[in-house]
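K.L.:
based on what follows, work out the 3D shape:
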Amino acid sequence: MKRSGYRCALLLLPTVLTLFAAAAAGLTQDPAMKPRYFMSVFAYETNPRAPQSAHTFATFVKTEGKKFEAHTISWLPKSDDIKLLKRPEAGVNLDLKTTLEKARATEAKVTEWGPYEIKPELYQRALKQIELLNSGRVLYKAIDRAPRPGMDVSNCIHAVMEVDPDGGRVLTGAQFGVDASEAVVEHLAKWTIDPKKVHPEINEKLGLGKGIKLQSKKAPK
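P.N.:
Numbers count the residues shown, from 1 in each chain. Below you'll find the predicted structure:
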């Protein structure tokens, strides 16, 4: 019996050592190497203000050590012709650089909320929303409050807001530009880790502030 127990102990020893080593590695892992996730919500508006020349968009970021990924939701008509009463049409999801170039071309003022650190789940939801927008199944419509049955339509506001579609479509009324983007920030607030803390280092990695001035806004209370 004693020999059998000794043999069993020897067999278990490598497993115990492996578990101990894994635990020690976890304790000594550099926090900077762990994935972190961030979100910035933007608006741009021209002067004078007009819904046809205003836009809501957002960028979602993942960092892991030196790795940096950024994905933007910037939903606009493929025709580049925004008319409030226009019928649903093909849409296009632009990247951050192209969106900011459009703002610069119209001398629009760009406002930013964040970057805020967010929970990983929101980042994953954003990737799924981008995949949906790029699939061609969603059409663009500036006023999308009453889509036809069986038709998936969205304006720029809901394209970002419905990264979290829980509870159905949130009606934003006549809001556009800064007001609409602030409503998006409120809607997604439950996914932010600390809405009072912004992370300007993310903007630096995104190349923001070069060639276009950003106006920063605090998260709504």
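K.L.:
could you chop the chain up by domain?
P.N.:
If you go by automatic domain parsing, the domain ranges for the chain are 1-34, 36-217.
K.L.:
could I get the average pLDDT for the last one?
P.N.:
If you average the pLDDT over domain 36-217, you get 93.
K.L.:
what about the strands in the protein?
P.N.:
36-45, 55-64, 67-73, 75-77, 89-93, 109-118, 139-140, 153-154, 214-217 (DSSP state E).
K.L.:
turn those into TSV, including mean neighbour count and distance to K83.
P.N.:
Bear in mind the C-beta positions are built from the backbone N, C-alpha and C, glycine included. As requested, these are exported to TSV (neighbours: other CB atoms under 10 Å; distance: least, CB to CB, whole Å):
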stretch	mean neighbour count	distance to K83
strand 36-45	25	18
strand 55-64	24	15
strand 67-73	17	22
strand 75-77	22	9
strand 89-93	17	10
strand 109-118	22	22
strand 139-140	22	11
strand 153-154	22	14
strand 214-217	14	27
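K.L.:
closest one to P195 among those strands?
P.N.:
Nearest of those to P195, taken as CB to CB: strand 109-118 at 6.0 Å.
K.L.:
and the closest one, how far from the chain's centre?
P.N.:
Relative to its chain's centre, strand 109-118 lies at 10 Å (CA atoms, centre = their mean, to the nearest Å).
K.L.:
list the helices and strands that strand packs on?
P.N.:
strand 36-45, helix 178-187, helix 200-206, strand 214-217 (3 or more CB pairs under 8 Å, 6 or more residues apart in numbering; DSSP states H and E).
K.L.:
quick check: bridge partners of the spatially most central residue of the chain?
P.N.:
Per CA atoms, centre = their mean, the C-alpha nearest to the average position across the chain is that of F60, at 3.4 Å. Note on F60: beta-bridge partners M39, H71, judged by DSSP bridges.
K.L.:
in contact with it, which residues?
P.N.:
Y37, F38, M39, A70, H71, T72, I73, I118, L122, Y123, A126, L127 (CB atoms under 8 Å, 6 or more residues apart in numbering).
K.L.:
what about it, distance to T72?
P.N.:
Applying CB to CB, to the nearest Å, the value for F60 to T72 is 8 Å.
K.L.:
just to revisit the earlier point, go through the contacts of F60 and name the one nearest I193.
P.N.:
I118 (6.5 Å).
K.L.:
who touches that closest one in this structure?
P.N.:
Shown in contact with I118 (CB under 8 Å, 6+ apart): Y37, F38, M39, F60, L188, W191, T192, I193.
K.L.:
I'm done for today, thanks for sticking with me.
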